[in-house]
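*Asks:* the following comprises the amino acid sequence and a computationally predicted model.
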Amino acid sequence: MLTVEDCGVIRRAHREGSRNVACAYNHAVRIALASPAEHFIFADNDIRPHPANTQPFLDADGPVVGCIYNTACERAFDDPRSIHTGLWRCDRSALEAISPPWFTQRYTPDGLAHAGCVCSGLVKKFHAAGIPTIHAGWVGHQPKRALSAIQIG
Ligand SMILES: [Zn+2]
């Protein structure tokens, strides 16, 4: 069984001067890999763990494990292999098996919206490298309100 004490715990770190989510996640992975830890837990600052619901996340076997939380997409966790990176953990060997950038953001052709979440490219890279992903447990999630379009006039 993995415990929090076994892991390097990385709270999402915004790179100075950048609020881009993919850049912040990539920065967090780079910080993790520069540490001596062999296992990492990555957590956004709006994730709210609860011991009874979150323990399965720590107990699950696998090199890459996500935890279920409420997202804007109600089908985000339908696939048992899906992870989203508000809270996830992985072994160093899994991160070292794939090449950076670990996270990228795709946009719709008109550039007005995200085309999928920032996590999907990471999951595809793990699967292409033969690394399984799973999710287990549940955590609360209290995201900040998203900005809507600015109305002029
Ligand atoms: Zn996601």
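*Replies:* Looks like it arrived, so ask away. A quick note: this is a predicted structure, and the numbers were derived from the prediction, not measured.
*Asks:* centre of the chain to stretch 121-140, how far?
*Replies:* 9 Å (Cα atoms, centre = their mean, to the nearest Å).
*Asks:* got the buried residues for that stretch?
*Replies:* Residues 121-123, 125-126, 131, 133-139 are the ones in stretch 121-140 that count as buried (16 or more other Cβ atoms under 10 Å). Placement of C-beta: from N, CA and C, glycine included.
*Asks:* and stretch 33-45, by the same measure?
*Replies:* 37, 39-44.
*Asks:* now, among these, which is nearest to residue 69?
*Replies:* residue 44 (9.1 Å; Cβ to Cβ).
*Asks:* keep only those of the buried residues of stretch 33-45 that are in strands.
*Replies:* Residues of the buried residues of stretch 33-45 located in strands (DSSP state E): 39-43.
*Asks:* what about the ion: which of those residues touch it?
*Replies:* Among those, no residue sits close to the ion (Cβ under 5 Å from the ion).
*Asks:* which of the residues you listed sit farthest apart?
*Replies:* 39 and 43 (13.6 Å).
*Asks:* give me the common contacts of those two.
*Replies:* With Cβ atoms under 8 Å, 6 or more residues apart in numbering applied, the contact sets of residue 39 and residue 43 do not overlap.
*Asks:* pull the most distant pair out of the buried residues of stretch 121-140.
*Replies:* The most widely separated members of the buried residues of stretch 121-140, counting by Cβ to Cβ, are 125 and 138 (25.2 Å).
*Asks:* tell me the angle of the longest helix along the chain relative to strand 39-43?
*Replies:* Counting by DSSP state H, the longest helix found in the chain is helix 21-34. Here the directions of helix 21-34 and strand 39-43 differ by 150 degrees (axes from the mean of the first three to the mean of the last three Cα atoms, to 10 degrees).
*Asks:* buried residues, helix 21-34. List them.
*Replies:* For helix 21-34, the neighbour count (16+ other Cβ under 10 Å) marks 21-30, 32 as buried.
*Asks:* turn these into a markdown table, including pLDDT.
*Replies:* Shown next, in a markdown table, are the buried residues of helix 21-34 (pLDDT from 0 to 100):
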| residue | pLDDT |
| --- | --- |
| 21 | 85 |
| 22 | 89 |
| 23 | 88 |
| 24 | 87 |
| 25 | 90 |
| 26 | 92 |
| 27 | 89 |
| 28 | 89 |
| 29 | 92 |
| 30 | 92 |
| 32 | 91 |
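*Asks:* turn the residues you listed into TSV, including distance to residue 66.
*Replies:* What follows is the buried residues of helix 21-34, written out as TSV (distance: Cβ to Cβ, whole Å):
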residue	distance to residue 66
21	16
22	17
23	21
24	17
25	13
26	18
27	20
28	15
29	15
30	20
32	16
